[in-house]
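Asks: Predicted model follows, preceded by the sequence.
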Amino acid sequence: MFKNPSRREKCDLARRWEGLDLDLLPIDSLDVSILCILRDNSRASNAEIARLLDTSEATIRRRIKGMIDKGIIAGFSTYINYALIENPVKAYIHLKVRTEQMESVIESIKSHNMMLALYRVTGEYDLLCVTLFSSMNGLHEFLDYFLGIDGIIETNAQIVMKAHKGVPWTGI
C-alpha cells in the first residue's frame with residue numbers, strides 16, 4: 001500500500017476495510033491509501049501523496065476529485081487542540097423526550113453552538129448530545145436550560161475526564 005510500511009500501521013481506515021472485498025465498496029486499495037494520508041494530513045499535496053504511494057500526481061488528483069464528486073470525501077478540516085486554548089469540558093448528554101415533542105426538541109437544541117453532534121439512539125434515552133464547553137459553568141448553564149425545554153423528561157450527563165483514544169474532530 002505505502003512505500004513506507006510503517007505508515008500502514010497507523011491507518012485505522014486500512015485496518016477497518018482489511019479483508020473486505022473492495023469490489024463491493026466504491027473505493028479500491030489506492031483510494032484507501034489516499035484516504036489514510038489525507039486523514040493524517042488533509043494539507044498533504046498531491047505530489048507528496050503520489051511520492052508516498054509511488055504513483056503519478058495526475059492519478060492522485062483524479063482519484064481525490066472522484067472521491068469528492070462521489071461524496072466519499074465530504075470536506076477537509078483542521079483539528080483544533082482545544083486544550084491549548086481553553087480548559088475544554090466534553091460531555092455526552094442523554095435525553096428522554098416525549099415522543100410527540102421529539103421534532104420540536106431536536107429543532108430547539110441542534111443548532112446550539114456547543115453541540116458537536118446530536119443522535120437519535122435506542123435504549124433508555126431517546127437522544128444523545130455530544131457537546132464541548134469551555135468551562136464547567138457553561139455545561140451547568142446548558143443543562144439548566146435543557147431542563148426547562150418543554151418535551152424533555154430527563155437528562156443524564158457524562159463528562160469525559162480523559163481520552164485514551166479520542167476523536168480529534170470533536171475536540172477531545
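Replies: Perfect, I can see it now.

Asks: Every contact and neighbour count from this point should use C-alpha atoms.
Replies: OK.

Asks: For the residue of the chain most remote from its centre, which residues are in contact?
Replies: Largest separation from the mean C-alpha position in the chain: Ser56, at 30.2 Å (Cα atoms, centre = their mean). Taking Cα atoms under 8 Å, 6 or more residues apart in numbering, we find Ser56 in contact with Ala47, Ala50.

Asks: Likewise for Ile93?
Replies: Leu128, Cys129, Val130, Thr131, Thr155, Asn156, Ala157, Gln158.

Asks: Generate a ChimeraX selection restricted to the buried subset of those residues.
Replies: Typed into ChimeraX, the line below selects the buried ones among the contacts of Ile93, using 16 or more other Cα atoms under 10 Å:
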select :128,129,130,131,155
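
Asks: Can you give the domain ranges for this protein?
Replies: Following automatic domain parsing, one gets these domains for the chain: 5-69, 82-170.

Asks: mind checking which of these is nearest Phe76?
Replies: The minimum distance between Phe76 and the domains of the chain falls on domain 5-69, with 6.2 Å, by Cα to Cα.

Asks: Show the average pLDDT along the closest one.
Replies: Per-region confidence: domain 5-69 scores 87 on mean pLDDT.

Asks: quick one: it to chain centroid distance?
Replies: Computed by Cα atoms, centre = their mean, to the nearest Å, the separation of domain 5-69 from the middle of its chain amounts to 19 Å.

Asks: how about the contacts of Ile93 in CSV, adding pLDDT and distance to Ala74?
Replies: What follows is the contacts of Ile93, written out as CSV (pLDDT from 0 to 100; distance: Cα to Cα, whole Å):
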residue, pLDDT, distance to Ala74
Leu128, 97, 23
Cys129, 96, 22
Val130, 94, 20
Thr131, 93, 22
Thr155, 94, 32
Asn156, 95, 32
Ala157, 95, 30
Gln158, 96, 30
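
Asks: Let me know the closest of the contacts of Ile93 to Lys96.
Replies: Using Cα to Cα, Thr155 is the member of the contacts of Ile93 that lies nearest Lys96, at 6.5 Å.

Asks: circling back: go through the contacts of Ile93 and name the one nearest Arg16.
Replies: Nearest member of the contacts of Ile93 to Arg16, counting by Cα to Cα, is Val130, at 23.8 Å.

Asks: Mind listing the residues bridging to the closest one?
Replies: Beta-bridge partners of Val130, counted by DSSP bridges, are Tyr92, Ala117.

Asks: which residues does it contact?
Replies: Contacts of Val130 (Cα under 8 Å, 6+ apart): Lys90, Ala91, Tyr92, Ile93, Met115, Leu116, Ala117, Leu118.
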